[in-house]
Each structure stands twice: as structure tokens, then as C-alpha cells.
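Peer 1: Here you go, sequence then predicted model.
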Amino acid sequence: MRYCLYALGLFLALALLSNDLPAQERKILSPRDSVSLTLDTNVVSVNYGRPSMRGRKIMGDLVPWNKVWRTGANQATHLRTNFDMTLGGVPVQRGTYTLWTLPSPTGWKFILNKQTGQWGTNYDERQDLARFDAVMKTLPSPIETLTVALEATGKTSGVVKLMWESTLISASFEKNTHIRPISPPDSSLISLNDKRLFIKYSKPFMRGRTIWGVVVPWDSVWRTGANLATSFVSDLDLTAGNVKIPKGSYTLYSLPSEKGFTLIVSKKPGGTQPQYDPSLDLAKIPMTLQKNSGVVDPFRIWFEPQDARSIWLKIGWADRTYVVQLEPQR
């Protein structure tokens, strides 16, 4: 009996040990890694998961063409910079971003996204900061494990490289101490019957992004610009389409849809945070789609004289411009 108990105990111990050995020896298939580059007192870094080929076909298969890729494995790949830079020709303010790619057999794009901390399958195109072309080359020999490298090309410049299988893609960056605002302020002014009409707004740039339906979502109230709310001041009573607008100071919002565009005139004073309150609506004005002769970039709001007694108010971005006629009330 004592021998049986001893044998049973030995069997259980060996079984537990045999179960532990694979766990101890098992390698993480896509380990997390980081790479950083110091340029003078400036630091840029990339944190990513490193999958390996393991006999698989990568480009066009495990990494499918024409679909946004997490550019690594597991958690989204993160890029951090403590200095303002120009990356791939795009202004990038210091901060933390997620780095994605859009692979294609004829060319790749890098994507910088403002959302951070998410899993690599949780990509939100609406939060893209920018999309820009990558330089693509074929490597002389395959790279087994995805590798990201940061290399200096000057005192304040460098290049980010991504290498896997036989593909190398890269983008150059450099410190930019005079980076322009990503959505700088602008204004439009015109006189009608010797009275002033004035709009103040911020003008975001496309930066390679899809605008309508993505950056500007359908069927959601939009600030009609960027940063602070768009302000509109009229020194005379107006008619916009069939809607009357008394002289005064207002905030402009809009409601874009695939089938139309509605301008919302709010009694909230302009120049404030863009917190929309439907109870302050003065008017909702349908605007007409006007076909563009070219791309409008950055976003723009402007006035155009039509005749002695009326003007056009125009709102344009990317491939769309919307218009409405303004004239003095009679």
C-alpha cells in the first residue's frame, strides 16, 4: 500500500513537471519590442509586436493587399516623438500616435492615427491624423522576423524602416521647429449693401485622408471646420434660401449626408468650444452641391458676389463644394 502511494505521488509529480516544461520552453510567437533614436536631445521611438514568417507567405497573404494592417502583431504599433517633426512630408506635432500601413503590390502608405492604447484590430479611420506614401524596395534576402529600424540621416533627421520577408518600406523625417498649425485659423469677409458679413473658422487639411463620410461623418452634426466653433457675424438682416437670419453673431454647424448638406445657424456666440446645443438652433438651411473643377484643400469657407443684391456662401473641401444664396431681407 505504501509503495502504491509512493508510485502514485511520483507519477503525479512527473505529470506536473512534464506539463510545466512546454510552458517554460514555449516561445512567445510575436514578442513585443521597441526601437528608439536620439537626435541631439530629441527622441523618437516605435513599440511593436514582432511576428515571424514561420514558413508562411507574408505579403499578399498573411498581410493582405489593400487592407489596413496593424504593422506588427497583437497591440497596435505606437510611435512616440518628443519633438515636432515632418514625417513623410506631413507635419506631426510631438506626442504619441499609432502607426498603421496600407500595403499594396504597387506601393504602400503609412497611416498615423490619433487613437492610442488599442488592440491592433481596433482601427478607426475617423481618427487618422494623416496618410502618406512610403518608399518601397525589395530586399536582397528575406527577413524572417518583422523588424522596425530608426536610423539617423543627419543631426536632426532620420528615416523609419519596416522590413519583413523581401519587402522594405521607409519614410524620412526631420525636426521642424516652425511647424505650421495642422488646422490654421482663417476668415472670410465681404460687404453687402455696405454692411459686413464675416466668418471666422479653422481650415483642416486632407493629409491623404478620406474626408466625406469618414473625417466628416455622415448624418452627424459637424463643427464645420476644426478647433474652435466656426463663427458668423452679419451686420444686416439676411435671407438664406427661404430662411430669415436677423443681424447678429452666430455659430455655424452643419449636418452632412450622402444626399445633401444642411447648414445649421446657432444662436450660440461664435469663437467658443464646438459644443452643439440643438435648443439654440436659429435655422437649418439646405445647401446645394456644386461640382468642383478641382480638389479643395484645405477646407474653405468663402463668399462670392453674385449680383448687386446677392452673394454666394460656399463651403468646400476635397471633391465637394456646397452653396447657398444670401441676400438682404426685403
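Peer 2: Cool, got the structure. Just so we're clear, the structure is a prediction, and the values are computed from it rather than from any experiment.

Peer 1: going forward, measure contacts between C-alpha atoms and count neighbours the same way
Peer 2: Will do.

Peer 1: quick one: the strands in the stretch 201-330 of the chain?
Peer 2: Here the stretch 201-330 of the chain has its strands, by DSSP state E, counting those that start in this stretch, at 230-234, 238-240, 243-245, 248-257, 260-266, 281-307, 310-328.

Peer 1: Would you format those as a markdown table with mean pLDDT, distance to Pro185 and mean neighbour count included?
Peer 2: Output for the strands of the stretch 201-330 of the chain, formatted as a markdown table (pLDDT from 0 to 100; distance: least, Cα to Cα, whole Å; neighbours: other Cα atoms under 10 Å):
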| stretch | mean pLDDT | distance to Pro185 | mean neighbour count |
| --- | --- | --- | --- |
| strand 230-234 | 96 | 10 | 22 |
| strand 238-240 | 94 | 25 | 20 |
| strand 243-245 | 94 | 25 | 17 |
| strand 248-257 | 96 | 15 | 21 |
| strand 260-266 | 97 | 20 | 20 |
| strand 281-307 | 94 | 11 | 16 |
| strand 310-328 | 96 | 15 | 20 |
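
Peer 1: Take those strands and write them to TSV, including distance to Ala152.
Peer 2: Formatted as TSV, those follow (distance: least, Cα to Cα, whole Å):
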stretch	distance to Ala152
strand 230-234	42
strand 238-240	56
strand 243-245	58
strand 248-257	44
strand 260-266	47
strand 281-307	32
strand 310-328	35
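
Peer 1: can you tell which of these is closest to Asn193?
Peer 2: For Asn193, the closest of the strands of the stretch 201-330 of the chain is strand 310-328, at 7.7 Å, according to Cα to Cα.

Peer 1: Between strand 260-266 and that closest one, find me the angle.
Peer 2: 50 degrees (axes from the mean of the first three to the mean of the last three Cα atoms, to 10 degrees).

Peer 1: how far out from the middle of the chain is strand 310-328?
Peer 2: Distance of strand 310-328 from the chain centroid (Cα atoms, centre = their mean, to the nearest Å) equals 26 Å.

Peer 1: try stretch 102-120
Peer 2: Chain-centre distance of stretch 102-120: 10 Å, with Cα atoms, centre = their mean.

Peer 1: Could you do stretch 113-133 as well?
Peer 2: 6 Å.

Peer 1: okay, how far is it across it, tip to tip?
Peer 2: End-to-end distance of stretch 113-133: 15 Å, with Cα to Cα, to the nearest Å as the criterion.

Peer 1: Report the mean per-residue pLDDT for that stretch.
Peer 2: Stretch 113-133 shows an average pLDDT of 96 in the prediction.

Peer 1: So which residues make contact with it?
Peer 2: With Cα atoms under 8 Å, 6 or more residues apart in numbering as the test, stretch 113-133 has contacts from 70, 73-78, 88-90, 96-100, 107-112, 171, 206-209, 214-217.

Peer 1: just checking, which of those residues belong to strands?
Peer 2: Counted as lying in strands by DSSP state E, out of these, are His78, Val90, Thr96, Tyr97, Thr98, Leu99, Trp100, Lys109, Phe110, Ile111, Leu112, Ala171.
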